[in-house]
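Asker: I need the structure of the sequence given here:
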Amino acid sequence: MAVNLDKEAYYRRIKRFYSNWKKGEDEFGKVDAIVVSVGVDEEIVYAKSTAIQTWLFGYELTDTIMVFCDTKIIFLASKKKVDFLRQVAVTKGNENANGVPPITLLTREKNESNKANFDKMIEAIKGSKEGKTVGVFSKDKFPGDYMKSWNDALSSEGLERVDISAVVAYTMAVKEDGELSLMKKAAAITGEVYTKFFKERVMEIVDADEKVRHSKLAESVEKAIEEKKYLGGADPSTVEMCYPPIIQSGGNYSLKFSVVSDKNYMHFGAITCAMGIRYKSYCSNLVRTLMVDPTQEMQDNYNFLLQVEEELLKELKHGVKLCDAYNTVLDYVKKEKPDLVAKLTKNLGFAMGIEFREGSLVLNAKNQYKLKKGMVLSISLGFSDLVSKDGKKEEQKYAFFIGDTIQINERGGLFKCILFQNDDEEDEEEDGDDAEELLGKGSRSAALLADRTRNEMTAEEKRRAHQKELSNHLNEEAKRRLTEQKGEQHIQKARKSNVSYKNVSQMPKEKEIKDMKIFIDKKYETVIMPVFGIATPFHIATIKNISMSVEGDYTYLRINFYVPGSSLGRQEGNIFPNPDATFVKEITYRASNLKAPGDTSVPSTNLQNALRIIKEVQKRYKTREAEEKEKEGIVKQDSLVINLNRSNPKLKDLYIRPNITQKRMQGSLEAHTNGFRFTSVRGDKVDILYNNIKHAIFQPCDGEMIIVLHFHLKNAIMFGKRRHTDVQFYTEVGEITTDLGKHQHMHDRDDLYAEQMEREMRHKLKSAFKNFIEKVETLTKEELEFEVPFRDLGFQGAPYRSTCLLQPTSSSLVNVTEWPPFVVTLDEVELVHFERVQFHLKNFDVVIVYKDYNKKVTMINAVPVNSLDPIKEWLNSCDIKYTEGVQSLNWTKIMKTIVDDPEGFFEQGGWSFLDPESEGSGAEEDSESEMEDETFNPSADEEEEEEEDSDEDYSSETEDSVDYSASLGSEEESGKDWDELEEEARKADRESHYEDEDTSNRKRKVRSSVPPRKKKRRS
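Answerer: Next comes the predicted model:
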């Protein structure tokens, strides 16, 4: 698949490059032409030649020579690279290309000397301005015969070479918005790796008193960036280390980025760590120092280093010279702690971008370049060779090293790209005080960070503590939100009044009306019926239903009308324009089935025709109303701005869901200036604008039979006569159905070949979709970002009828492979409640309550119980409150109660009634949940009773069960056995002086109050 080039970015940057050259400042004023030649050398990671290629084209082009002349540009490259560069060489019809010098493309001959091509380029150099001096990057020296022959050709002409590395670096140093967003992403990933991996690993080592070498720890950090959980959703193939992580401790410190981690064991004193991550060719950097059991002097020096960094940050602003910022910081150190001046690092940072370290833009005492808005710097400062006077012999030497990635702001000051700011370091220092007080100065395993003490909380306890905080915040926030919304009253829409005729003249003059028959006026959708001898019109909208019956010799036609008090359907308003008027509820007409002499037809024929025509008109009216209702509330979208450029990002052979017509059909999806357009093979068009997309989700084909691009929209769009808020484009990656009748063998060559083809197809489709997404994100300047579901965090559940895999993304919970799709925006979620969480059940239900209490709650049924803890962990990390209970609640009634009286709800504790730890929660749950069948909720006593009486004869269930259970309760309280009870019965008989023949009857009456002894023993 052809690789696309971002032409707009190329035109912007080449114009900036040429305008700076024409200004003639510094070395730019000394050169007549500029030559950039790139060979092949795997060992070179950073070079100005490859950096300018990446800056202009987005890719490195090996074995390519670029010559920038005053009036034209020449590229010499292989055939494939020439085809790639042709995208910017052809400028016809592109307004942004105005003012850009024309491009000449020369194809390199592999087996020849390329003398003819070299001659053309040297001729162009000589024709540019005075043709005597050539601007080059003198440090970039690529090996190989091709580069050697080109350099020899330049030298033979006697052209003077001038190094322009510094001025080109200064041109590229000011970053565009797209570049800044990439660097922010790189900085965010660096922060994630440091916090979630490195810092945790160091604390584990300290706690366990492990012996780990610096080099091994550095290798583990490099391996960590291969795992998605540390990359904040970024594709691992786009992430790499800027340099091998540098970890130092135990007195051997070199505060530079050119050193490597040694093989010494990590020492539990001052541990410095420097790491930088490169995302899509753009770099970031982070430097931190961790301390274990620090002395007071160490803490004081660390605090002072933080203050020095703050002073530096104040100085770094638009228009300030780099040397002035350095000297200000140096003066501050001289004033506050003169003894530390010699210990301070020789430079305080450097500019950063595609290259990790820009050697010409270093923060030192001599650099005269000025800072500009949009520059990104890696600031890094530290104190080395510090001596701890009261430490042990091997602990005497230590160093501090800290650094951040920052962006220069326009007004002064700056915006930090990195996630860690000075607050974080101050927190570390405060934690150090706590650790010292708790654990004492002599403890080797006393980590500086207080979250790893002896009283360390378990994961469940941490979750509970966090959930308690969320619970308090939840009720306050919900109460405030409902108070603000109180003034907004929902106006119920009145039922539309349908007037049949505005004046008498519109009434039809048909013969049937004069003959007092039922007549249907299709034009005005009106039924004219005789009422007391008067032709009365009724609009079709007033008719609820119509039925016909035949009884004997007569046919009856019954017409029911809508009246106040009758249900109008779930979605229709039940308000009439004039509810105090007199309404006709129903009319019945009777006609004979017998043909009278002289009649042309049977009288009941009119009723039969009326029934048929009324139903036809009613159906047509309801269809039209349904279509209008679909269109109701549709927000008018902006028009799609078509980009006529042929190189627009495009995916072919896709299906759309929902279907435009009854049958599914293929089409192509193309990205334009402000939105997507899907065009089917039949010519149907569906437009989706970027600003209407709430979630753009890319579901790869890993473990799935389809690969999907799903768009969850802010406002619904209309196509296929229906409104849709979810639209997706997909293609199948394998056979969804398998022919079971075909004889198959495990080692069948055809099957093995088919599997291989399917694997290749999956890889090809995944690459095509990823390429499309990257181009769209570049086109929209990262405003539209595609989310990829985290399959590892997924869990099974049934949001609709069937079970599917629900997967979280960075901002939602989705399933887009099944239809209908399931998309829940996490920002809209108030809380999540788990129902039927019991030990003996294999699954439970998830209820999602939204911040908009008028919105119906979402139920996810049949979630396996082994997913409960992972779901809790995920919700907790998203700062979403969750609760759990053993019962299923009546959520419709609960939400209605809250909406009707929000103040009362929050006065009684708000959502705390769902928390099992809160008082009275069980009673509230019982009152709120009205189960349809109450026999499913027996009390504990009733369950015991059922177990004990399982073998009894229940033929006497009609007797009063209340008395029975009461007598059983009293019997259990007395503690008497059966023999004692029988003895009491006998005494009662004797005392009553009953006759002998009635004794047996009397005994049965006495014993009727207690269960029979024999049956009770058997149970």
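Asker: lowest-pLDDT helix or strand in this protein?
Answerer: Every helix and strand of the chain was ranked by mean pLDDT, DSSP states H and E. The lowest is helix 422-439, at a mean of 33.
Asker: So Lys685 sits against Gly675, correct?
Answerer: No: applying CB atoms under 8 Å as the test, Lys685 and Gly675 come out as separate, 11.5 Å apart. To be clear about C-beta, it is placed using only N, CA and C from the backbone, and glycine gets the same treatment.
Asker: Tell me which of those two has more neighbours.
Answerer: The neighbour count for Lys685 versus Gly675, taken as other CB atoms under 10 Å, is higher for Gly675 (22 against 12).
Asker: got a list of what the more buried one touches?
Answerer: Counting by CB atoms under 8 Å, 6 or more residues apart in numbering, Gly675 touches Leu640, Val641, Asp687, Ile688, Leu689, Tyr690, Asn692.
Asker: Just the pLDDT for Phe142.
Answerer: Here, the pLDDT recorded for Phe142 equals 89.
Asker: Assign it to helix, strand or coil.
Answerer: Classification of Phe142 by DSSP: H, G, I helix; E, B strand; the rest coil places it in coil.
Asker: Pro789 is in contact with Ser811, correct?
Answerer: No: with contact defined as CB under 8 Å, Ser811 does not count as touching Pro789 (11.3 Å).
Asker: Settle it for me: which of those two has more neighbours?
Answerer: Pro789 (26 against 16).
Asker: Name the nearest residue to that one, ignoring sequence neighbours.
Answerer: Gln807 (3.5 Å; CB to CB, 6 or more residues apart in numbering).
Asker: Pro789 versus Glu43, what's the distance?
Answerer: 39 Å (CB to CB, to the nearest Å).
Asker: if I pick Lys228, what's in contact with it?
Answerer: Lys228 makes contact with Pro236, Phe790, Asp792 under the criterion CB under 8 Å, 6+ apart.
Asker: Glu157 now?
Answerer: When contacts are counted by CB under 8 Å, 6+ apart, Glu157 touches Ile122, Lys126.
Asker: Longest helix in the protein, please.
Answerer: helix 749-779 (DSSP state H).
Asker: how about it: buried residues?
Answerer: Applying a neighbour-count criterion of 16 or more other CB atoms under 10 Å, one finds 761-762, 765-766, 769-779 buried in helix 749-779.
Asker: what's the answer for stretch 291-305, then?
Answerer: Applying 16+ other CB under 10 Å to stretch 291-305 flags Met291, Val292, Asp293, Pro294, Thr295, Met298, Gln299, Asn301, Tyr302, Phe304, Leu305 as buried.
Asker: Give me the distance between the second one and Ala541.
Answerer: Same thing as Val292. Using CB to CB, Val292 is found at 81 Å from Ala541.
Asker: can you list the domain ranges for this protein.
Answerer: If you go by the TED database, the domain ranges for the chain are 7-172, 177-416, 510-569+581-595+602-630, 650-734+752-780, 795-913.
Asker: Off-centre distance for the shortest one?
Answerer: Computed by CA atoms, centre = their mean, to the nearest Å, the chain-centroid distance of domain 510-569+581-595+602-630 equals 54 Å.
Asker: Run through the helices of the stretch 101-250 of the chain in chain order.
Answerer: 115-126, 145-156, 165-173, 177-192, 200-208, 214-224 (DSSP state H, counting those that start in this stretch).
Asker: Show me what the last one is packed up against.
Answerer: The reference is to helix 214-224. Counting contacts by 3 or more CB pairs under 8 Å, 6 or more residues apart in numbering; DSSP states H and E, helix 214-224 packs against helix 200-208, strand 246-248.
Asker: which residues are in contact with it?
Answerer: Against helix 214-224 from outside (CB under 8 Å, 6+ apart): 193, 197-198, 201-202, 205, 230, 241, 244-249, 260-266, 275.
Asker: 7 Å instead?
Answerer: 193, 197-198, 201, 230, 241, 244-245, 247-248, 261-264, 266, 275 (CB atoms under 7 Å, 6 or more residues apart in numbering).
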